[in-house]
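S.K.: have a look; sequence and predicted model below, questions after that.
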Amino acid sequence: MSRSAFPADEVRDDFVPKEPYYSPEFAKLEEERLWPYVWQLACRLEEIPNPGDYVTYDIVDDSIVVVRVDERTVKAYHNVCMHRARRLTEGCGHAQRFVCRFHGWQYGLDGRNLKVVDRSDWGACLKDADVRLREVKCDFWGGFVFINMDPDCEPLAQFIEPIDEYCSKFEFEKLRFRWYKTVIMPANWKTMLEFFNEFYHVQQTHQQLLPFTNDYSNSEGFGRHSAIWFSSEGSIPLLRSPRLPPKEEPDYRNYVLDYVETFNRDLQAMVTDRAYRATQRLRTEVPATAEPMEVLGKWMGYVIEAAQSDGAGWPDGLTPEYIDRSKLDWHVFPNTVYLHGSVDGVLWYRARPNGHDPESCIFDVWSLERFGPGKVPPLKREFYANWRDGEWPRIFQQDFENVEAVQRGFKSRGFPGSRPSPVQERAITHFHRTLRRFLSDGPQDDPKD
């Protein structure tokens, strides 16, 4: 199949063709030209704290096992026995060595073959290098382990630019899981990811957020990646949406309290329980007549004080100017998105194909927080074959209700392609151009809009 079958110039700022959302041909191109050559988020380091701890990361036909070899070393290998191709691991676990359950070949955590049953049968024709696990590139950013199957790939630090410049001071490496949910969704992985890569839908899908959200947004590409933020420049954040009828609200504390209450109830992420409790101090320690900037300053002071008292700490050098410049929502090419605006609580998403079906994907949602010593909850991974079988906060339910209808709508004969906002949904068009260029030209090109 010609790589030029899906040229980047088909994507405009206000138009994305529909075929890549369901086309087997486009999915095949991704299998051949994207997943084997791109840096992908495989797991977090706290998932493998001890030597022998491992996580299995599956992507289409490939399976990668990420394992902690020793206190300072993490390795990644193709998850396949070098004898007859049986996979060595499934899911997550702990092993002193990897043992193939087919014929008993064994491998050390460092990838060396430790045992070939009746090795003398092969004589001199079986070399140690032949039976060593094939290593996969891995590197770390923000407490995450990224893998790349391309031995000649660019360094992760180069790939992640310029996100590190904008967000490194948030200290993502100090976050830990509050909860971890995985669900199979009846949609293409790009369909799923884009639900969380624009704020334009807030005014319709999440109307409960409008009383304290000035919701008009901007978005822009940054290298391969993109960012979204609310257009509150020159105004006070947390103000009633102009889409709603005007309402006199002299007490600015109510904007903050409503925001924290709604996110704590409807998202169960970003706003930590600790921050929620600290925010309640506004009711008794700040007068109703306080100016908005005073309320915001007191609120942030209470949240920081609570984090420090709890032993969770607070990032150094995190000025209001840096927070504002860091945006609110980042898409890390190709398949993860995160929201980090509340600092001590971050919401992270990952979408990937579910096998070869272009209309099914594996979708992970992680609520990450800063915890004090000894207060990190045990990691519990929840899995659902259907999202309706799980307990999801209200905001996710609102989004998931739309997913299947959107995926089915792409195949309508009356629908030629998406018409994204050239301002508020530019992150989506930037993603599609970047993806097509990657598929066509390979990983080394720096995408430009």
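M.R.: In hand now; what should we look at? Given the structure is predicted, the values throughout are model-derived calculations rather than measurements.
S.K.: could you report the neighbour count for the nearest residue to S168 once chain neighbours are set aside?
M.R.: Spatially, and ignoring its direct neighbours in sequence, S168 is nearest to G142 (7.9 Å; Cβ to Cβ, 6 or more residues apart in numbering). Using the backbone N, CA and C atoms, a C-beta is placed for each residue, glycine as well. Neighbours of G142 under the rule other Cβ atoms under 10 Å: 25.
S.K.: got it, and Q308?
M.R.: For Q308, the neighbour count with other Cβ under 10 Å is 12.
S.K.: wasn't it part of a helix?
M.R.: Yes. Checked against DSSP: H, G, I helix; E, B strand; the rest coil, Q308 lies within a helix.
S.K.: residues in contact with A157?
M.R.: Listed by Cβ atoms under 8 Å, 6 or more residues apart in numbering, the contact set of A157 reads D139, W141, D164.
S.K.: from S168, how far off is the second one?
M.R.: When distances are taken as Cβ to Cβ, to the nearest Å, W141 and S168 turn out to be 9 Å apart.
S.K.: ok so, going back, list the contacts for the residue nearest to S168?
M.R.: G142 makes contact with C167, S168, F172, E173, according to Cβ under 8 Å, 6+ apart.
S.K.: before we move on, the earlier item: out of the contacts of A157, which are inside strands?
M.R.: Secondary structure assignment by DSSP state E places D139, W141 of the contacts of A157 in strands.
S.K.: neighbour count: W141 and S168, which is higher?
M.R.: For W141 versus S168, the count of surrounding residues by other Cβ under 10 Å is larger for W141: 20 against 17.
S.K.: so where's the stretch 201-350 of the chain shaky on pLDDT?
M.R.: Low-confidence segments of the stretch 201-350 of the chain (pLDDT under 70): 232-235.
S.K.: pLDDT wise, what is the residue of the chain positioned farthest from its centre at?
M.R.: When distances to the mean C-alpha position of the chain are computed (Cα atoms, centre = their mean), the maximum falls on G123, with 48.4 Å. At G123, the model reports a pLDDT of 94.
S.K.: you'd agree it is in a helix?
M.R.: Yes. Applying three-state DSSP, one finds G123 inside a helix.
S.K.: show me the shaky parts of the stretch 1-150 of the chain.
M.R.: Along the stretch 1-150 of the chain, the model assigns pLDDT under 70 to residues 1-4.
S.K.: where along it do the helices fall?
M.R.: 24-33 (DSSP state H, counting those that start in this stretch).
S.K.: would you report the backbone torsion angles of V403?
M.R.: phi -60, psi -60 (degrees, to the nearest 10).
S.K.: ok, it to W387 distance?
M.R.: Distance of V403 to W387, given as Cβ to Cβ: 8 Å.
S.K.: common neighbours of those two, please.
M.R.: Common neighbours of V403 and W387 (Cβ under 8 Å, 6+ apart) are M185.
S.K.: list the contacts for the nearest residue to E404 once chain neighbours are set aside?
M.R.: Residue nearest to E404 in three dimensions, not counting chain neighbours: P186, with 5.0 Å by Cβ to Cβ, 6+ apart. Counting by Cβ under 8 Å, 6+ apart, P186 makes contact with E359, S360, V403, E404, Q407.
S.K.: swap in 10 Å and give it another go.
M.R.: By Cβ atoms under 10 Å, 6 or more residues apart in numbering, the residues touching P186 are M192, N354, D357, E359, S360, C361, N386, W387, V403, E404, Q407, R408.
S.K.: is it true that P7 touches D441?
M.R.: No. Under the criterion of Cβ atoms under 10 Å, P7 is not in contact with D441, lying 11.1 Å apart.
S.K.: returning to what we had before: need the overlap of contacts for W141 and S168.
M.R.: Common neighbours of W141 and S168 (Cβ under 10 Å, 6+ apart) are I160.
S.K.: helix, strand or coil for the nearest residue to R325 once chain neighbours are set aside?
M.R.: Spatially, and ignoring its direct neighbours in sequence, R325 is nearest to Y166 (6.6 Å; Cβ to Cβ, 6+ apart). State at Y166, reduced to three classes by three-state DSSP: helix.
S.K.: give me the neighbour count for Y166.
M.R.: 18.
S.K.: right, and it touches K327 too?
M.R.: Yes. Counting by Cβ under 10 Å, Y166 does reach K327; the two are 6.8 Å apart.
S.K.: what touches both of the two?
M.R.: F222, A227, H340.
S.K.: filter the residues you listed to the buried ones?
M.R.: In these, burial by neighbour count holds for F222, A227, H340, counting by 16 or more other Cβ atoms under 10 Å.
S.K.: so the nearest residue in space to the first one that is not next to it in sequence versus P7, what's the distance?
M.R.: Going back to what we said before, that points to F222. The shortest distance from F222 to any non-neighbouring residue, by Cβ to Cβ, 6+ apart, is to P162 (5.5 Å). Note on P162: its distance to P7, by Cβ to Cβ, is 26 Å.
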